[in-house]
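Engineer: what would the 3D arrangement of this be:
(chains A, B, C and D)
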There are 2 protein chains.
Amino acid sequence: MSLPHALLTSLAERPGSGSELASRFDRSIGYFWQATHQQIYRELARLEASGWVSSAAVEGARGRKRRYDILPAGLQELARWTGETLDPPAIRDELMVRLRAQGVLEPTALDDRLADMLRHHRQKLEAYQAMERRDFAIAPTRRHQRLQHLVLQAGMDFERQRIAFCEEALAVLGAPD
Amino acid sequence: MSLPHALLTSLAERPGSGSELASRFDRSIGYFWQATHQQIYRELARLEASGWVSSAAVEGARGRKRRYDILPAGLQELARWTGETLDPPAIRDELMVRLRAQGVLEPTALDDRLADMLRHHRQKLEAYQAMERRDFAIAPTRRHQRLQHLVLQAGMDFERQRIAFCEEALAVLGAPD
DNA sequence: TCCACCATGTAATGCGTTACATGATTGA
DNA sequence: TCAATCATGTAACGCATTACATGGTGGA
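Structural biologist: All right, here's what the predicted structure looks like:
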């Protein structure tokens, strides 16, 4: 249940509207927590009902745009949650299930799917590397920046590991039994 | 929506009852796909309604134990699914959200939580390493075994990466801003 | 004027989670 | 015989997902 706190974090970094938050979830924050615009609007309404954010109509904007700001109570809640007990990550890796299934089956098109995955992860890695060149050309010294860099590096490590894994899996599937 | 197929895979490897499947989800399969016994029983009923598995009461067993077997239609469905389009993994990493939140907050107890995580991942890595020593003392040559080994190695890589990450994050949080 | 698009929202469905319940067997 | 435990469920709820809907603005 981290979506409300991911939104609070994003609003603490910078106020914004629902659609702006949605686009942030397609970029930076979305790399480790995804949300659709439907989820975001519903959750923003709850955050406001809880007194953690305030909102105001944006004049001169397209549609019924509203700007959300985090309130002191929201910052307090965010700090409380950040230090709260943290559950280990819940892994749900469909690729592993399929590899295990392949082990009890005649050959399927799984190697094509692995090739797709390989392309996907290589593209993501390239995108992260471009971000790093752009935002962290010089190693940051402030804690805030160092944390963001660390998280980006974790994303790159994940993609690299995934690429190596797909390559090895393809080799195993291609080898004679 | 991989739970039905994870169950089919497990039943294809070896028939078993709901409770046996539940205990497999606490061990081998559970390392990349988790499920509670409630989910498993509900899903087994659906698999049987779809004609993918059959079940029969186990005589002389405790309680109302039923043994489930995969049917030819179930194997066919498993093969279809294994070659089907595969979505990239959905990442939802609460730790990353908290680190990003910490970036806009005064210090919290997050470093204690990181220390907890570190212990957790070190224990999981040790457990995996014990499994590897026990099951893969000699490198397997059959595809089926090589795939299982590969998946186990992926689990170990994940834990190692996680350990390194927590250590670096603790270093960043401990350093002066 | 009218179409495309932006911004926000509603509705339906399904999986996952948690709490609780029932029947049957073993062992003290 | 009775408590503990095994095996199988039921029920309620919430988040995530998908499809669809509404209102307002800008540009052709």
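
Engineer: does A:G74 sit in a helix or strand, and which one?
Structural biologist: Secondary-structure assignment from DSSP states H and E places A:G74 in helix A:72-82.

Engineer: name the helices or strands packed onto the strand or helix carrying A:A127?
Structural biologist: Assessed by DSSP H and E, A:A127 sits inside helix A:110-135. Where contact means 3 or more C-beta pairs under 8 Å, 6 or more residues apart in numbering or on different chains; DSSP states H and E, helix A:110-135 is packed against helix A:94-102, helix A:143-174. (Glycine included, C-beta is placed from N, CA and C.)

Engineer: make CSV from those and add mean pLDDT, distance to DNA strand D and mean neighbour count to it.
Structural biologist: Output for these, formatted as CSV (pLDDT from 0 to 100; distance: least, C-beta to the nearest atom of the strand, whole Å; neighbours: other C-beta atoms under 10 Å in any protein chain shown):
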stretch, mean pLDDT, distance to DNA strand D, mean neighbour count
helix A:94-102, 96, 12, 24
helix A:143-174, 96, 18, 18
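
Engineer: between these, which gets nearest to DNA strand C?
Structural biologist: Judged by C-beta to the nearest atom of the strand, the one of those that comes nearest to DNA strand C is helix A:94-102, at 10.0 Å.

Engineer: what's that closest one packed up against?
Structural biologist: Counting contacts by 3+ C-beta pairs under 8 Å, 6+ apart, helix A:94-102 is packed against helix A:110-135, helix B:3-13, helix B:72-82, helix B:143-174.

Engineer: okay if I get those helices as TSV plus distance to A:R67?
Structural biologist: Output for the helices and strands packed on helix A:94-102, formatted as TSV (distance: least, C-beta to C-beta, whole Å):
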stretch	distance to A:R67
helix A:110-135	25
helix B:3-13	41
helix B:72-82	45
helix B:143-174	32
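
Engineer: wait, which of the ones you listed is closest to B:G103?
Structural biologist: helix B:143-174 (10.1 Å; C-beta to C-beta).

Engineer: any part of the closest one near chain A?
Structural biologist: Yes - with C-beta under 8 Å from any C-beta of the partner chain as the measure, helix B:143-174 is seen reaching chain A through B:143-144, B:146-148, B:150-151, B:154, B:157-158, B:161-162, B:165, B:168-169, B:172-173.

Engineer: quick one: A:L78 and A:L8 touch, right?
Structural biologist: Yes - in this structure, A:L78 is within contact of A:L8 by C-beta atoms under 8 Å, at 4.7 Å.

Engineer: need the residues touching each of these two.
Structural biologist: A:I70, B:A101 (C-beta atoms under 8 Å, 6 or more residues apart in numbering or on different chains).

Engineer: surely A:D93 and B:P88 touch.
Structural biologist: No - A:D93 lies out of contact with B:P88 (C-beta under 8 Å); the separation is 11.2 Å.

Engineer: look at those two and report which has more neighbours.
Structural biologist: Between A:D93 and B:P88, counted using other C-beta atoms under 10 Å in any protein chain shown, the more crowded position is A:D93 (18 against 14).
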